[in-house]
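Undergrad: here you go, sequence then predicted model.
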Amino acid sequence: MKQDKMPFQVWILTLAAFAIGTAEFVIAGILPQLATSLSITEGQAGYLISAYALAIVIGGPILTIYLTRFNKKAVLSGLMALFIIGNLLSAFAPNYHLLLVSRVIAGLTQGPFYGIGAVVATNLVAEKMAGRAVGQMFAGLTLANVLGVPAGTWISLQFGWHSTFISVAVLGTLAMFSILMFIKAAGHSEAKDIKAQLMAFKNPLLLISLAITALSWSGFMALYGYIAPIAMHITGYSAGAITWLLVVVGVGLIIGNILGGRSSDKNLNKASIFWATAMILSLIAVGLVVDNKILFVIAAFIFGIASFANVPAMQLRVMNHGGEGQELAATANISAFNLANAFGGFLGGIVLDSQLGAGMIPFAAAIIPVFGVILIATINRRETQQGRAVLDTIS
């Protein structure tokens, strides 16, 4: 029976999303320890972010199309089992290359879990609460940045980076058993016609929307993924200070998510171009104050707000142009986010290992999102023209 209040089962999905989000972003906090332990450069350690993200980009849509026809409880618990295996392999990986492979295994679970989990969440509540149910589940991803990443960083400093991945696997295990115990088995659903879903991608506005996500979001991971080496090598913070620095940025992410959602509901076109521009300016601001401890923290906090405020606008725009393939379009947007994460991870790693050094990462991160702003201005203009054409037809 669908409920008018948030059921306990949605909180279980939030826990799973929290574990998965922590696994994705925790590299940002433990990157220096990983590099030292494995005798690799910090840039190479950053490629572990890219490997995870690329697994989501490639595996997400393919697995989602295939798995949607099966029992959702079995699929979700199976995905969490694979997630646990991936993180245990990470914990006990004897070298860099096996760690890279284990990250790919863990990353394969994120796209389909979020896509199918969102469907389960909406089926648990009344229709009027569907948006809040999905928002509640995805709050786990935001909380991962506020609590999971700093906690994982602290565990790494106290007990070694291996323990961080073990802790993530424990979270995944708790989520898996909770799914098995408390989420009821949903029957097999009829798979949507793949051709009908793919036809949505003939819409140029959908393709532009996905390109906006990939371009505009690339600046986030280029900075966030390397915030520890920047803070330690350039700003002058100790390794122990990275934990609370990540908490500060994480609080910014939560505020940004709220502000972005509200502003997108009011005016999507204005919100999208405002927040994308704000993120670029915040990246430049971080670069300008990178040698001042207090101003660096303030700028990083503002960066957190400006970056995550983009997420609701990007997701909503893709959904608006998804047509019959709305589910696949939403999954494709998760891939677009992670394509940006992968590129940002590579870009930050290249700059870090080059003669430019960590201090230039924020400026490099600001370049690609500029093209995203240009695309936003283009699509805003086209949507406005379409709206006027519809009004002229009606009148």
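TA: Sure, I can see it. Numbering: from 1, shown residues only.
Undergrad: point out where the stretch 201-350 of the chain drops to low pLDDT.
TA: Under the criterion of pLDDT under 70, the regions of the stretch 201-350 of the chain flagged as low confidence span 325-327.
Undergrad: could you pull out the helices in it for me?
TA: Assigned helices in the stretch 201-350 of the chain, in chain order: 204-216, 218-224, 227-230, 242-266, 268-288, 293-308, 310-320, 326-353 (criterion: DSSP state H, counting those that start in this stretch).
Undergrad: how about those helices in CSV, adding mean neighbour count?
TA: To be clear about C-beta, it is placed using only N, CA and C from the backbone, and glycine gets the same treatment. Conversion of the helices of the stretch 201-350 of the chain to CSV gives the following (neighbours: other C-beta atoms under 10 Å):
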stretch, mean neighbour count
helix 204-216, 21
helix 218-224, 28
helix 227-230, 25
helix 242-266, 20
helix 268-288, 21
helix 293-308, 21
helix 310-320, 23
helix 326-353, 24
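Undergrad: and Lys73, which of those helices is closest to it?
TA: Closest approach to Lys73 among the helices of the stretch 201-350 of the chain is made by helix 326-353 (18.5 Å; C-beta to C-beta).
Undergrad: report the angle between that closest one and helix 204-216.
TA: The directions of helix 326-353 and helix 204-216 differ by 30 degrees, with axes from the mean of the first three to the mean of the last three C-alpha atoms, to 10 degrees as the criterion.
Undergrad: what's helix 326-353 packed up against?
TA: Taking 3 or more C-beta pairs under 8 Å, 6 or more residues apart in numbering; DSSP states H and E as the contact definition, the neighbouring helices and strands of helix 326-353 are helix 42-67, helix 110-123, helix 194-199, helix 204-216, helix 218-224, helix 310-320, helix 361-365.
Undergrad: would you format the helices of the stretch 201-350 of the chain as JSON lines with distance to Val104 included?
TA: Output for those, formatted as JSON lines (distance: least, C-beta to C-beta, whole Å):
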{"stretch": "helix 204-216", "distance to Val104": "20"}
{"stretch": "helix 218-224", "distance to Val104": "17"}
{"stretch": "helix 227-230", "distance to Val104": "23"}
{"stretch": "helix 242-266", "distance to Val104": "24"}
{"stretch": "helix 268-288", "distance to Val104": "28"}
{"stretch": "helix 293-308", "distance to Val104": "25"}
{"stretch": "helix 310-320", "distance to Val104": "24"}
{"stretch": "helix 326-353", "distance to Val104": "11"}
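Undergrad: re the thing from before, and the helices and strands packed on helix 326-353 as CSV, adding distance to Met232?
TA: Output for those, formatted as CSV (distance: least, C-beta to C-beta, whole Å):
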stretch, distance to Met232
helix 42-67, 10
helix 110-123, 28
helix 194-199, 46
helix 204-216, 28
helix 218-224, 14
helix 310-320, 27
helix 361-365, 13
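Undergrad: which one, of these, ends up nearest to Gln33?
TA: Smallest distance to Gln33 across the helices and strands packed on helix 326-353 (C-beta to C-beta): 8.9 Å, for helix 42-67.
Undergrad: any buried residues in the closest one, and which?
TA: 42-61, 63-65, 67 (16 or more other C-beta atoms under 10 Å).
Undergrad: out of the helices and strands packed on helix 326-353, which gets nearest to Ala28?
TA: Relative to Ala28, the nearest member of the helices and strands packed on helix 326-353 by C-beta to C-beta is helix 218-224, separated by 5.7 Å.
Undergrad: what's in contact with the closest one?
TA: By C-beta atoms under 8 Å, 6 or more residues apart in numbering, the surrounding residues in contact with helix 218-224 are 25, 28, 49, 53, 230, 249, 279-280, 283, 286, 303, 307, 340-345, 347-348, 361-362, 364-366, 368-369, 372.
Undergrad: same check, this time on stretch 275-293
TA: With C-beta under 8 Å, 6+ apart as the contact definition, stretch 275-293 has outside contacts at 212, 216, 219-220, 223, 230, 234-237, 256, 260, 263, 295-296, 298-300, 302-303, 305-307, 309-310, 313, 359-363, 365-366, 369-370, 372-373, 376.
Undergrad: right, I'll leave it there.
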